Structures are given as C-alpha cells and as structure tokens.
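> Provide a 3D model corresponding to the input given below.
(2 chains)
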2 protein chains.
Amino acid sequence: MSSDVKPLLALSMGDPCGIGPEVVAKSLTRPLPAPCVVVGDVAVMRRAVAACDLQWPVAELDEPEQARHAPPRCIAVWQPPGLPAGLAALPMGQVHTAAGRAAIACIEAAARLTLGARASALVTAPVHKQALAAAGSRFPGHTEMLQALAAIDGVEPEVRMMLGNDELRVVLVTIHVSLRQAIDQLSVDRIATTITLAHRAGQRAGLAKPRIAVAGLNPHAGEGGLFGDEEARFIVPAVARARGTGIEASGPFAPDTVFMRARAAPGHPGEFDYVVAMTHDHGLIPVKYLGVERGVNVTLGLPFVRTSPDHGTAFDIAGRGVANPSSLLAAISMAHELCGSGLR
Amino acid sequence: MSSDVKPLLALSMGDPCGIGPEVVAKSLTRPLPAPCVVVGDVAVMRRAVAACDLQWPVAELDEPEQARHAPPRCIAVWQPPGLPAGLAALPMGQVHTAAGRAAIACIEAAARLTLGARASALVTAPVHKQALAAAGSRFPGHTEMLQALAAIDGVEPEVRMMLGNDELRVVLVTIHVSLRQAIDQLSVDRIATTITLAHRAGQRAGLAKPRIAVAGLNPHAGEGGLFGDEEARFIVPAVARARGTGIEASGPFAPDTVFMRARAAPGHPGEFDYVVAMTHDHGLIPVKYLGVERGVNVTLGLPFVRTSPDHGTAFDIAGRGVANPSSLLAAISMAHELCGSGLR
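This next block holds a predicted model:
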C-alpha cells in the first residue's frame, strides 16, 4: 500500500440472521477513519438498513475497490459470487445452514481481498458457531478459518489473541483451556513468540519501540520463587530472549498491578503499550472491567490485520434494529490504526 | 455496642520508622466518620506531626475511651504500657528491633481493645516484616498475629482477605501461594467458608441479604466442563451449600466479566455486593485497576473488624511528610462501615 492511497477496510457481514448486518450498517453511517467495503449479501444489508431505520441507500459495487470512490451517505456493499439465494428471507435469530454458508463465503472473500492487498485490513462481524457447523465447516470460528486461509505450504501461522480498548492492550499467551492446562502450556518459546507478535503489532501501528510489559503467572510474580517457579523457568528467559533481539520487553511484573500501570487514561499516561498476559482471565479481567462495549478483539500473527467486535451474533435481539455498534466501530478504528494509518 | 454510642476506631501506628505515623497523623486532621484513638508512642506521633507540618497538637490520653470526648482539632493518642524508650530518636526508613517491638506492642494493645469491646474496630498502619522478625516475632504479618490473639483454646479462627474500594469488594479463596497450589487448595469447604465470611461481612455492614457472586476459576467458568472441572467439582456445590443456608450466593460466573458486573460506579449500579474470587490475581487485578490509593485490605473471620491500607511502610519516603493518607482514610471509612455504623 503506497502512502498516498488511503487504506480500504473490508468488513465481512457475519451471520445474516444475527446482529452483524445491523451493526455493520449502523457503523457505516458514522464518521469512519477510512473507506470501508462491506463484503456481504446486498439484500441482507438492505434488510438490515430497514430494520435500523437508516435513511442511507445500499450501493452495490462491481469491484470492492469502488468503495474508495463511493458517493457520500451510502453503504457500499460488494457481494462476492456464489452466495446462497434467498438469504434475506431467512427468519432472524435462528441457526440456518444457508446463513452459515453465506457467512463463510463472505469471510473467505474478504480475507482473500486482504491477502491480495486489495484491502488493507479485515474487520469481521460475528458468526454463529452452530451455523458454521451446520454449513459443514471444519472450523469452530474465524481465527482457525483465517489461519487455514493464510497457510503457506500447509503450514499455518502461529497466532495470538489480543484484546484492547482505549486504555489497555493485552496479548494472551494461552486462551481457551483450563487454568491447569494453561500453566502446562507455558514455555519460553510460546511466551517469546507472544512478545514478538505484540512488538510487531506495535511497530505496524507506528511505534518505533513498543513498550511491552510481561505479566507474571503467580501472585507477586512468584515473590522470588516463594510462590511458584514459572517466572524463573519460562518468563525471565523469554523476556531476555526478546530483549536480545532488540525488543523493549520488561518483566515479569506482579499481575495485580501491571495492568493498572499500563492503563492509559486522561491524566494517567500508561507505562507500557502492550501487556503480555499468561492466562485468559489475567488479561481479560482488566480489559473488560470498565465495560465490554468498547472492547476489540485482534488476531495477531496473520499476514494481515484482523479485528472483530467483542460480542456475538446476539440472536435474541437480531432484526430489531437495537444492536449497539460501539464495539464494531472500535474494531474499525483499531484496524485502521494497526494497519499503520492511524495515530496513537 | 449499643446504638446510641458512637463507635470508636482504634488505629495502631505501625512501624515508627515507616510512613505509618505520618499517614495516621494526616488522616486524623481530616473529617472522619467516628472518633479515632491512635494506639502508639506519643513522641513518635509528635515527630510525625512535625514532619507533616501539621498544626494540630497531640493529646496524650490516660484511657483510650477518652478519645470520644477529646477536644476538636487534636490528635488523640493512647500510649500502651511497656513501649521501648527512645523510639522517636530512631532514624527513619530503617529496620530496627525496637521499632518492630513497638509496632507489635501497639497492635496487641489495639487488638485487645477491640476484643474487649472498648473499641469497635481496628485499623492497622503498616509494619515491616523484617522489623517484626528482628523483634523476635513468630508472625510474618498482622493477619497471623491477630489470628493468634483471637484464638479460643488454641484454635485460631479461619480468616479470608478482602480487598475493596469505592466500586468493588472482593474476597479471596486463596492468597499467597503459587497458582498451581492455589488450584490444589480449592475445596467445597474452603469456598463455602469464604462465601459465608463475605455474607457475614455484608450483614455486619447493614445489608440484609448481601448479593454474593462467586467467580469461576477457568476461562468462561469452565465452558460447561470443556475448560476444566473445578467449577463442577468445587464451586457449584459450595454455592449450593451457601444457598441452602439462606445466603444470596450465585455463580460460578466467568471471571472476565463478573467484576465488571459487580462494579458500582455512578450510572453503573453493581449487580453484586461482594465477589468471591478463587485466586489472588483474579480478585486483585480489578480492585487495583483504577489505582491503588483507595484500596483497603480487610481481614474477614476475626471476631472484630480489621482494616488496613493497601500499602507498606514505604521506607524510601518515610519521615519526609509526603506520604499520601488516602488509603488509610479509606481504611478508616471501611472500618466504620463494616462495624455496622455506616451507610452504603
């Protein structure tokens, strides 16, 4: 992407029967940091616009790049070939095979746009696990699907989950396993890779030397070995290895104060740009503490920027036009920033 | 304590060479919810008053109860018998045997006042572990000392650490052990006892039915057994047992959102009064996230209310008059509230 071309963000519409199309439509009527193209079904997006009582027309594009030059006050949608027919007639808030198929096709098409550099980043609206399964997908969610699409010679990239909001960015060493298994999964390699991915994300976002704090696992970061040895065995060597490659990593720090120290808020400049957390909940408790509306999920390690809102398809309120687009808007802003076009 | 008598709060001065006497002196010049008596060395308190450049005199009491009727604008100090001589001549910011002995004597005297119902609650200024050890104490800190003082026929009460601020109150099932050991320590009994102690604290503070949320241990509170079985084995039965005794307990809840849900802030009424957390850092990360100045440490399970600020002796700044009394003031307010005299 040359510096004189504005980035283009690709938004996959998500499950047509969930709130994805509605939050996408609402978001596109707000001030955005860059042009966005919705990768979705035109009729589904028109239904969402109507449900939200938005007065903006849906513009159907022949090519996604046309979104850069779309007229103001319209929602630019590029419909990838091969979507199932009749999607806009499906009842809202239910699992449907066709809906799952359409969601998958839109993710794949949007991911190919970013892999082919036709779009700068991918923002994914939520999908439903059961709909994916009903559609025959072997992937439980976006991340696994995107890893497979990004594979080179069958080798998938190692990825990490980052969760961020206005104040705090946390990258997780372990995620969806029991706490015991999370402890078992810790290794110097695994932690060092996480630090490197956090560093690269920071550099991509324009920071020359991202300040990366590494949280400990145990109370008081082990209190010098009194409360556990994982710090000495895994974290200290991983931080040293990262520093050896020029990364501004530090720690291990006591988990109970490192997030407070990293928090960047008015009158409270954060000491660190990213915190690497050993466990799912050490990292997510502070990110979510002030409210989930603004939380953004980022997949680090893919060959492109990918963000998503921190909520699901919300079948219980789908189709009623009441879904809150805050988290998707935050995901759009974060995608723009992380692809190197934003300011911090 | 009959309802027409105002409670009296006993404040132990802490280590004479740390910031304890200074934050005690500063706090007593602020508006307080109840009369306070400092249990400490009169000369040490006079030195602290001078260091902080406070214009209030120190009034030496013959009996601690006289603090109820002390004249306004004075710092009421009751000096227990048997303190070492020359304490006010010790250099600040250093470990001293005599300082440790004095700190211990003041804690014991203040605890006996509360055990004997001459004071309503105990607020402890910080002590130094090494000074306690130098003074020959077999106790690493306040909690163990107070448990021993409260023992009946040699049986010490089971206690739990609670940490709270304006927004959130968290009671910990496990504390100063490695995360692996913390998981090993979980049992139905241990969790149920923690819930009961949280319930009693809430009732003592005037809540008829304290709403107690119990956090899970694993991501998503185990995701139905997919991410660990501690919820099913220990937490679910403990919650059921507590509910069987009429306690308003619920959970296990996903650790990453339960603290956000319990948070009580302007425009955000909390869903719960107390959160029981399985591990030190699950509980302390959210309490400390917005800053440690207002954090208060409470020991539940003693036969009296005991609170303390969430900081140490801060030897590096002791004697300079610059220590911040916010956390001690919060500890005084919390003590007043928890002894049943405050409003929520």
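
> does stretch A:218-238 reach chain B?
Yes. Applying Cβ under 8 Å from any Cβ of the partner chain, one finds stretch A:218-238 in contact with chain B at A:218-220, A:222-223, A:226-230. Every residue, glycine included, has its C-beta placed from N, CA and C.

> now, which of these sits nearest chain B?
A:Gly228 (2.9 Å; Cβ to the nearest Cβ).

> what's the neighbour count on A:Gly321?
A:Gly321 has 17 neighbours, counted by other Cβ atoms under 10 Å in any protein chain shown.

> run a quick check on it versus A:Arg47, I expect a contact.
No. Here A:Gly321 lies out of contact with A:Arg47, judged by Cβ atoms under 8 Å, at a distance of 10.5 Å.

> list the contacts for A:Val39?
Shown in contact with A:Val39 (Cβ atoms under 8 Å, 6 or more residues apart in numbering or on different chains): A:10-13, A:64, A:77-80, A:106, A:109-110, A:113.

> got these as TSV, with neighbour count, secondary structure and distance to A:Leu32 columns?
What follows is the contacts of A:Val39, written out as TSV (neighbours: other Cβ atoms under 10 Å in any protein chain shown; DSSP: H, G, I helix; E, B strand; the rest coil; distance: Cβ to Cβ, whole Å):
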residue	neighbour count	secondary structure	distance to A:Leu32
A:Ala10	29	strand	13
A:Leu11	30	strand	10
A:Ser12	29	strand	16
A:Met13	31	coil	16
A:Pro64	21	helix	16
A:Val77	29	strand	15
A:Trp78	24	strand	16
A:Gln79	22	coil	20
A:Pro80	19	coil	22
A:Cys106	30	helix	19
A:Ala109	20	helix	21
A:Ala110	30	helix	17
A:Leu113	24	helix	17
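
> spell out the secondary structure type for A:Ala238.
When classified by DSSP: H, G, I helix; E, B strand; the rest coil, A:Ala238 comes out as helix.

> grab the nearest non-local neighbour of it.
A:Ile191 (3.7 Å; Cβ to Cβ, 6 or more residues apart in numbering or on different chains).

> and for A:Glu60?
A:Val42 (4.9 Å).

> can you count the residues close to the one you found?
Neighbour tally, A:Val42, other Cβ under 10 Å: 19.

> these two touch, right, it and A:Asp62?
No. A:Val42 lies out of contact with A:Asp62 (Cβ under 8 Å); the separation is 11.8 Å.

> around chain B, which positions in chain A sit nearby?
With Cβ under 8 Å from any Cβ as the criterion, chain A comes near chain B at residues A:175-181, A:183, A:217-220, A:222-223, A:226-230, A:255-257, A:259-260, A:263, A:268, A:279-282, A:284-286, A:288-292.

> narrow these to just the buried residues.
A:175-180, A:183, A:217-220, A:222-223, A:227-228, A:230, A:255-257, A:259-260, A:263, A:279-282, A:284-286, A:288-290, A:292 (16 or more other Cβ atoms under 10 Å in any protein chain shown).

> for the residue nearest to A:Asp62 when sequence neighbours are not counted, give me its contacts.
Nearest residue to A:Asp62 in three dimensions, chain neighbours excluded: A:Trp78, at 8.0 Å (Cβ to Cβ, 6+ apart). Taking Cβ under 8 Å, 6+ apart as the criterion, A:Trp78 is in contact with A:37-39, A:60-64, A:66-67.

> swap in 7 Å and give it another go.
Contacts for A:Trp78 were tallied using Cβ atoms under 7 Å, 6 or more residues apart in numbering or on different chains; they are A:37, A:39, A:61, A:64.

> what about the strands in chain A?
Assigned by DSSP state E, the strands in chain A fall at A:9-12, A:36-39, A:58-61, A:75-78, A:121-124, A:160-164, A:169-172, A:212-215, A:249-253, A:274-277, A:296-300, A:305-309.

> can you list the residues that contact stretch A:205-214?
Under the contact criterion Cβ under 7 Å, 6+ apart, stretch A:205-214 has outside partners A:195, A:198-199, A:202-203, A:235, A:239, A:247-253, A:258, A:262, A:272-276, A:337-338, A:340, A:342, A:344.

> go again with 8 Å.
A:191, A:195, A:198-199, A:201-203, A:235, A:238-239, A:242, A:247-253, A:258, A:261-262, A:271-276, A:337-338, A:340, A:342-344.

> now A:Gly216. Nearest residue, chain neighbours left out?
Nearest to A:Gly216 is A:Pro252, by Cβ to Cβ, 6+ apart, at 3.8 Å.

> from B:Ala34, how far out is that neighbour?
To B:Ala34, A:Pro252 is 42 Å away according to Cβ to Cβ, to the nearest Å.

> repeat that for A:Asp256.
30 Å.

> ok, the residue nearest to A:Ala111 when sequence neighbours are not counted - contacts?
Nearest in space to A:Ala111, with sequence neighbours left out and distances taken as Cβ to Cβ, 6+ apart, is A:Leu149 at 5.0 Å. Contacts for A:Leu149 (Cβ under 8 Å, 6+ apart) come out as A:108, A:111-112, A:115.

> hmm, back to that, identify the farthest-apart pair in the contacts of A:Trp78.
Put simply, by Cβ to Cβ the two of the contacts of A:Trp78 set farthest apart are A:Val39 and A:Leu61, 10.0 Å from each other.

> any shared contact partners between those two?
Common contacts of A:Val39 and A:Leu61, defined by Cβ under 8 Å, 6+ apart, comprise A:77-78.

> got JSON lines for the contacts of A:Leu149, with pLDDT, neighbour count and distance to A:Lys6 too?
Shown next, in JSON lines, are the contacts of A:Leu149 (pLDDT from 0 to 100; neighbours: other Cβ atoms under 10 Å in any protein chain shown; distance: Cβ to Cβ, whole Å):
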{"residue": "A:Glu108", "pLDDT": "97", "neighbour count": "18", "distance to A:Lys6": "25"}
{"residue": "A:Ala111", "pLDDT": "97", "neighbour count": "25", "distance to A:Lys6": "21"}
{"residue": "A:Arg112", "pLDDT": "96", "neighbour count": "16", "distance to A:Lys6": "21"}
{"residue": "A:Leu115", "pLDDT": "94", "neighbour count": "16", "distance to A:Lys6": "20"}
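
> pull the most distant pair out of those.
Most distant of those, by Cβ to Cβ, are A:Glu108 and A:Leu115, 10.1 Å apart.

> quick one on the thing from earlier: from A:Val123, how far off is the residue nearest to A:Glu60?
A:Val42 is 19 Å from A:Val123, where distance means Cβ to Cβ.
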